[in-house]
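Asks: Compute the structure for the input listed below.
(4 chains)
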There are 2 protein chains.
Amino acid sequence: MQKGDGNLLRLVNTRATLRALRSGDQPTLTQLARATGLSRQTVEAVLGELAEQGLAEEIAPSEGGLGRPARRFRFRADAGYVLGLDVGAHKVLAMVADLDGNVVATERAPVAEDTPAPERLAALRQVGNDCVAAAGIVRTRLMAVAAGTAGIVDRSGRVTLSVVLPGWTGLDLAAQVGRWFGCTGLAGNDANLAAVAEHWRGSARHADDVVYVLAGHRLGSGILIGGRPHLGRTGAAAEIGTLRLLGWEDAAVELTREAAGETVFGSAARGERDGLLAVDRYARQLAQGTAALVLAIDPELVVVGGGFSKAGDHLLDPLRAHLAAMCLNAPEITASTFGDESVALGAIRMALDQVESEIKPLGH
Amino acid sequence: MQKGDGNLLRLVNTRATLRALRSGDQPTLTQLARATGLSRQTVEAVLGELAEQGLAEEIAPSEGGLGRPARRFRFRADAGYVLGLDVGAHKVLAMVADLDGNVVATERAPVAEDTPAPERLAALRQVGNDCVAAAGIVRTRLMAVAAGTAGIVDRSGRVTLSVVLPGWTGLDLAAQVGRWFGCTGLAGNDANLAAVAEHWRGSARHADDVVYVLAGHRLGSGILIGGRPHLGRTGAAAEIGTLRLLGWEDAAVELTREAAGETVFGSAARGERDGLLAVDRYARQLAQGTAALVLAIDPELVVVGGGFSKAGDHLLDPLRAHLAAMCLNAPEITASTFGDESVALGAIRMALDQVESEIKPLGH
DNA sequence: CCTCTTTATGTAAGGCGGTTACATATATCG
DNA sequence: CGATATATGTAACCGCCTTACATAAAGAGG
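Replies: You can find the predicted model right below:
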């Protein structure tokens, strides 16, 4: 095969086999062959390599079928684990998942908004360690760790700018978490990772171009293009808040000044005039920033997450109305499915992508 | 090789060889082998297939070197041609290029702004035919044709909406031009194609994420992500003009109402107070829409094209100033290199992409 | 003029990855 | 118990690519 490319074909076929293996339910050799379009022999050889790497395993043949019992295989989701972290303004959150993305442990701890960076990092590390312990695995089984955080994060995983978390700017978060847990470290913007989570298993499963709006006391946004986060030159894509004209930054401030957000949404839900008006004002300002993103990207879907998204249609309906007025042919708008845990889940997906990208056929 | 994929490896190697063949200057077999990382034999075999398809050709070996004379090859750029069209408000423009993208003929004709669709189409067809004739080729040698037009064009090449060209909405432009010229037909938004042209050979050669702003009597914009046009769900990506808040649509109107744009820029160039103020107002409004796109996409580069871009820094400098005030860390801003012909050039690149995507190894 | 050096071309052999074809094994069903 | 269905194992073969080595054609130097 090609000199430089060391086994392009095997790589492709390995990926195809792995996909079939994971999507099927303990499939047989013949089923895998049919699913991948490869010959039985090839699938067998690939499975051999995967078994050597601990990624596949033959299990006992099934009882009670017609004909010779088929050899069955399964993906060894427990061959390794990944850790997803979320460093927020008020909490740190950690989740451990196996290679199938099944979450096996979750740990969280509250953090004060004005906590300085070193303590926040210590809390993050602590919650990460606790989570690994709770998952009942040793740290060496972690294959990658990813962290989501508020602020602008560049491609390398360094925090370029964070106005929310004190002392956060300049932090090399990816390298930091990598060192802590002795594996590849990654980091990304929280809204982007939340979007990734929604695209993986949430509201945005069937959309590839997505605008994610994080609507809470803080406003944030993320963009998925072709199912992958769009970072831009500096990692600042979707940071529409900077354009004062759109009133994006002011929205939440205003709402929280008037009252605790929850109270306002409760009031609106009860149909009280003041609450309805406040929510509508908020939705309008939210819509202005969202409209700018929607018009720029023309996404298939807008997902609204963050604390206020719990209000559901009480927030979404006015948002839909305002957005429809601002963009002709506005896209569908839906609420996030994961709420609080979406950032950590997105981090898990990011870590899994990293792990999967490292799977190579071993060239004997 | 794989059942479905009929020759993945050969396809990859064919592409690699083709790239090396085209970038080199009549390279020898050995040079090609070195450039592609493939063995000489493989390259030889691939060239054989390419020669069968008329895409490569052996030429006389070079004189006067040391050692046995090497066999030389060249890419047959004249194996086929593509046609690029631009349907504007005031003109129709056609260009024929060979497979290397060398433009061999250009034809244009003025069209009145209020020309109804059938006549505009007739003019387009006419100018296309004239251009093919001027290129001195028969129509059957056209391998693809692409057209750029103002308005929203969906993925299939149908005009979903055009407010500028009367009767244009609903037109299946791609199919139309394909029928006319008896080959694959494509169509796209003019600003997007202009961006493609700039990325191909113009100001945006070294940038993959680009925002293109068409600044003329009409305003338009296009987005390149990863070097390719980003269309969005309906093809309306970058149509930021809809957001009235940004005053995008009003900008040009105002400028043209005050005076012919050129006069204003001339006045500004002479340092006259009125002209400078008018240009600054225009630049400010232009910057608002541009800022929204820049913040959403975080591109590496903003390219300004369209009629007013001829004013150069007289327009760009105030634009830079306003943009810097609106986005922290604003990207570089530069003028288009192709001006008037960028849309047709982008159409040519689009057609070439289509042709190149169709190159497959013939499976003997 | 002949030979050496340099460069490149031809030809053969072999490996890797994959497929097809056919014989063989092990269930259930009548 | 054999017929049937299903799946496994083995062998032969083919395509694509690479390495290795012999051969060819030029200039350079005696």
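
Asks: Isn't residue A:100 up against residue A:79?
Replies: No. Residue A:100 lies out of contact with residue A:79 (C-beta atoms under 8 Å); the separation is 10.1 Å. Using the backbone N, CA and C atoms, a C-beta is placed for each residue, glycine as well.

Asks: Going by how many neighbours each has, rank these two and give me the top one.
Replies: residue A:79 (17 against 11; other C-beta atoms under 10 Å in any protein chain shown).

Asks: Next, the contact list for the more buried one, please.
Replies: Residue A:79 makes contact with A:53-55, A:99, according to C-beta atoms under 8 Å, 6 or more residues apart in numbering or on different chains.

Asks: Only the buried residues of stretch A:336-344, if you could.
Replies: Across stretch A:336-344, burial judged by 16 or more other C-beta atoms under 10 Å in any protein chain shown covers A:336-338, A:340-344.

Asks: By pLDDT, rank the residues you listed and give me the bottom one.
Replies: Within those, residue A:340 has the lowest pLDDT, namely 91.

Asks: Dihedrals phi and psi, the spatially closest residue to that one that is not a sequence neighbour?
Replies: Closest residue in space to residue A:340, ignoring its immediate chain neighbours: residue A:93 at 7.7 Å, by C-beta to C-beta, 6 or more residues apart in numbering or on different chains. Dihedral pair for residue A:93: phi -140, psi 140, per degrees, to the nearest 10.

Asks: Correct me if wrong: residue A:93 contacts residue A:346.
Replies: No. Assessed by C-beta under 8 Å, residue A:93 is found out of contact with residue A:346, at 11.5 Å.

Asks: Of the two, which one has the most company?
Replies: residue A:346 (32 against 24).

Asks: Just list the residues touching the more buried one, thanks.
Replies: Here residue A:346 is in contact with A:84, A:148, A:188, A:192-197, A:200 (C-beta under 8 Å, 6+ apart).

Asks: From the residues you listed, pick the one nearest chain B.
Replies: residue A:192 (11.8 Å; C-beta to the nearest C-beta).

Asks: Restrict whichever strand or helix holds that closest one to CA atoms and write it as CSV.
Replies: Element membership of residue A:192, judged by DSSP states H and E, is helix A:190-201. Provided in CSV are the C-alpha atoms of helix A:190-201 (Å, rounded to 0.1, in the frame of the first residue of the first chain):
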residue,chain,number,x,y,z
ASP,A,190,-19.3,25.7,26.9
ALA,A,191,-21.9,26.7,24.5
ASN,A,192,-20.2,24.9,21.7
LEU,A,193,-19.9,21.7,23.7
ALA,A,194,-23.5,22.0,24.8
ALA,A,195,-24.4,22.2,21.1
VAL,A,196,-22.3,19.1,20.5
ALA,A,197,-24.2,17.2,23.1
GLU,A,198,-27.5,18.2,21.7
HIS,A,199,-26.4,17.0,18.3
TRP,A,200,-25.1,13.8,19.7
ARG,A,201,-28.1,12.6,21.6
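
Asks: residue of chain A with the smallest distance to DNA strand D?
Replies: Closest approach between chain A and DNA strand D, counting by C-beta to the nearest atom of the strand: residue A:67, at 2.3 Å.

Asks: mind listing the strands for the stretch 1-150 of chain A?
Replies: A:56-59, A:72-75, A:81-87, A:91-98, A:103-110, A:142-149 (DSSP state E, counting those that start in this stretch).

Asks: Just the C-alphas of the third one, formatted as CSV.
Replies: Extracted C-alpha coordinates of strand A:81-87, given in CSV (Å, rounded to 0.1, in the frame of the first residue of the first chain):
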residue,chain,number,x,y,z
TYR,A,81,-13.2,5.6,29.7
VAL,A,82,-13.3,9.3,29.1
LEU,A,83,-13.8,12.2,31.5
GLY,A,84,-16.0,15.2,30.7
LEU,A,85,-15.7,18.4,32.8
ASP,A,86,-17.8,21.5,33.0
VAL,A,87,-16.3,24.6,34.8
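
Asks: circling back: next, give phi and psi for the residue of chain A closest to DNA strand D.
Replies: phi 80, psi -180.

Asks: distance of it from chain B?
Replies: Going from residue A:67 to chain B by C-beta to the nearest C-beta, to the nearest Å gives 24 Å.

Asks: now residue A:232
Replies: Following C-beta to the nearest C-beta, the distance that separates residue A:232 from chain B is 2 Å.

Asks: Then residue A:301?
Replies: 9 Å.

Asks: Using the three-state scheme, assign the residue nearest to that residue when sequence neighbours are not counted.
Replies: Distance criterion C-beta to C-beta, 6+ apart; nearest residue to residue A:301, sequence neighbours excluded, is residue A:207 at 4.0 Å. The three-state assignment at residue A:207 reads coil, by DSSP: H, G, I helix; E, B strand; the rest coil.
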